[in-house]
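Got a sequence here, can you model it:
(one chain, ligands or ions: 1)
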Amino acid sequence: MTGLMLQRPDLWREQAFVGGEWCDDDARLEVDDPATGAIVGSVPALGREAAEKAVEKAKDAFPAWRTLTGKERGRILQRWADLMYRHSEDLARIMVTEQGKPLAEARGEVTYAASFLEWFAAEASRVRGDIIPPHMPDRRLIATRQPVGIVAAITPWNFPLAMITRKAGPALAVGCPIVVKPSELTPFSALALAVLAQEAGVPDGVLSVLTGTPEAIGDVLTGDPRIAKFSFTGSTRVGKMLAARCADTVKRVSLELGGNAPFIVFEDADLDAAAEGLIASKFRNMGQTCVCTNRVLVHDSLHDRFAALLERKVAQLKVAPGLDDGSEQGPLIDMRAVDKVRAHIRDALQQGARLITGGESHPAGERFFTPTVLADVPADALICREETFGPVAALQRFESEEEAVRLANNTRAGLAAYAYTQDAARQWRLTEALEYGMLGLNTGLISTEMAPFGGVKESGLGREGSHLGVDDYLEVKLACIAVP
Ligand code: NAD
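Just a heads-up that it's a prediction; the model follows:
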């Protein structure tokens, strides 16, 4: 158990939550603090049996849960959100302890995560169907939308609360129970969420949080025919593999996968605003965000000035453990992440890039990396082709809008893209030409519960948030009625 001082110590749970019961297991998974490497606690290493039990309990809970009115389910979701707001400081501290992000960002994530519950609490009453003009005089056509059934969700470590509420919110709102497997690196945030769900009145079996071995639990969540829908957020590699397994039982599948976001600075950009936007979109969560900028395409005429501007701003970022006052850059999640950042920098430098600032580990600890800027990075460097997921801004030159768009689209990823330009006509052209699910024009921050979030190409399937966010949890049913 961690030495973390919480106002509600019971939010730190070292048990999993299966069908409304808190359960233990002798086999344990240890969780560490990325800032120190110290073990902060452990959770049960559950497997197949627990996953099957969670599905069974979800099946039992489904009929009563779907029969509640949307308003009744919405009230429970709103209470859950209110509890998150009330205990936001504890939730933020738990998150920093297992995930590493600066406390200010963790507080922001708690609010962002709760906002999905709040949004879908209201959407619960707004699920509509269609009455269709009939094709024959003695027929009536009615299309209703009904909950798809039991939902399974697998979520990543980089947003340990929000990636769960973005799925649990719409699932529960429309009447589906959900079984969640959070990342083994960040189970405590998910378990705190389950404590508050229970307190808010989410009935037993409607939400389970399984901790344990990803493969064993994943086998059940992708293979069990009782599960109607599988929703995954994580890496493209794992997402593709799990989606393929869902094919056997023809589950509905939603995928939120990796990105490779371009950030384009045109010759008419407000350079200071672009630098601020880049810091927000590149260095948030130490670069470990799916919508993080991965490649910075800068017009040739501004490239060197922009590099100099970034050098000053990036060098000022305070690197320190997330719970330290004023921390702006915490540790990376694990040593694998640090090694990947190092490998991408090494490759870029070997291919002729210039190091502007950073480029090495930070004295704050072995998982801390100094925020880095590289200039003149060639387009075929690893860092331009793969998601780096670390605090490195890689600047590339371009000479024309056409070239910028071609470079930006030259990837199988299609999650988020950013561009800074003051030319309104160009903004329209980019909106049409960039092959991405989300665009930030003159802004580096794009996510809100009110807007659709998701990718195209190999970045995913489906949209989360907004009024569209419930669609993936609903099935359309036609009733064709003979009225003689
Ligand atoms: P990951 O794919 O390694 O893990 C994600 C989840 O899958 C974890 O819960 C993990 O335990 C589980 N998992 C891994 N292997 C599994 C297996 N064989 N069977 C069953 N489950 C398995 O990804 P990560 O490192 O946790 O997260 C970072 C990735 O997530 C990045 O690529 C990032 O871009 C992506 N991401 C995407 C979005 C989005 O909305 N598009 C949001 C956040 C993160």
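
Which residue ranges of the stretch 301-450 of the chain form strands?
354-357, 372-375, 392-398, 416-420, 438-441 (DSSP state E, counting those that start in this stretch).

okay, those in TSV with mean neighbour count next?
C-beta here means a position set from N, CA and C on the backbone, and glycine is covered the same way. Below are those laid out as TSV (neighbours: other CB atoms under 10 Å):
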stretch	mean neighbour count
strand 354-357	16
strand 372-375	25
strand 392-398	25
strand 416-420	29
strand 438-441	20
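
Tell me which of the ones you listed lies nearest to the ligand.
strand 416-420 (8.7 Å; CB to the nearest ligand atom).

Now stretch 472-481: average pLDDT?
Taken as a whole, stretch 472-481 has a mean pLDDT of 98.

Residues of the stretch 151-300 of the chain that sit close to the ligand?
Residues of the stretch 151-300 of the chain found near the ligand (CB under 6 Å from any ligand atom) are 154-159, 163, 181, 183-184, 214-215, 218, 233-235, 238, 242, 256-259, 290.

The same query, at a cut-off of 8 Å, please.
Residues of the stretch 151-300 of the chain lying near the ligand by CB under 8 Å from any ligand atom: 154-159, 163, 181-185, 214-215, 217-219, 221-222, 232-239, 241-242, 255-259, 288-291.

In strands, which of those fall?
154, 181, 232-233, 255-256 (DSSP state E).

who wins for proximity to residue 283 among the strands of the stretch 301-450 of the chain?
strand 392-398 (7.9 Å; CB to CB).

what lines up beside that closest one in the sheet?
strand 293-299 (parallel), strand 372-375 (parallel) (DSSP bridges).

Please tabulate those strands in a markdown table and include distance to residue 384 and mean pLDDT as additional columns.
Below are the strands paired with strand 392-398 laid out as a markdown table (distance: least, CB to CB, whole Å; pLDDT from 0 to 100):
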| stretch | distance to residue 384 | mean pLDDT |
| --- | --- | --- |
| strand 293-299 | 5 | 98 |
| strand 372-375 | 10 | 98 |
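
Now tabulate those strands in a markdown table and tack on distance to residue 194.
Putting those into a markdown table (distance: least, CB to CB, whole Å) gives the following:
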| stretch | distance to residue 194 |
| --- | --- |
| strand 293-299 | 33 |
| strand 372-375 | 38 |
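
Point out the one among those that comes closest to residue 305.
strand 293-299 (9.0 Å).

mind giving me the domain split of this structure?
Annotated domains of the chain cover 9-257+459-476, 261-441 [the TED database].

Distance to residue 451 added to those, as CSV?
As requested, these are exported to CSV (distance: least, CB to CB, whole Å):
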stretch, distance to residue 451
domain 9-257+459-476, 5
domain 261-441, 8
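
dump the residue contacts of the spatially most central residue of the chain.
Centroid-nearest residue in the chain: residue 163, 4.5 Å away (criterion: CA atoms, centre = their mean). The contact partners of residue 163, taken as CB atoms under 8 Å, 6 or more residues apart in numbering, are 155-156, 233, 256.

what does residue 356 give?
Contacts of residue 356 (CB under 8 Å, 6+ apart): 307-308, 310-311, 373-375, 395.

how close does it get to residue 152?
45 Å (CB to CB, to the nearest Å).

quick one on the thing from earlier: which members of the contacts of residue 356 are the farthest-apart pair?
The distance between the two most remote of the contacts of residue 356 (CB to CB) is 13.6 Å, for 308 and 374.

Help me confirm that residue 155 comes into contact with residue 180.
Yes. Using CB atoms under 8 Å, residue 155 is in contact with residue 180, at 6.6 Å.

list residues touching both of the two?
Residues touching both residue 155 and residue 180 (CB under 8 Å, 6+ apart) are 164, 167, 190.

can you pull the contacts of the first one?
Which is residue 164. Per CB under 8 Å, 6+ apart, neighbours of residue 164: 113, 153, 155, 180, 182, 190, 193.

quick revisit: give me the number of residues near the residue nearest to the residue nearest to the centre of the chain when sequence neighbours are not counted?
Computed as CB to CB, 6 or more residues apart in numbering, the closest residue to residue 163 that is not its neighbour in sequence is residue 155, at 4.2 Å. Neighbours of residue 155 under the rule other CB atoms under 10 Å: 27.

just residue 211 next, same as before
30.

ok, now the one 10 residues further on?
The local packing of residue 221 (other CB under 10 Å) involves 29 other residues.

Cheers, nothing more for now.
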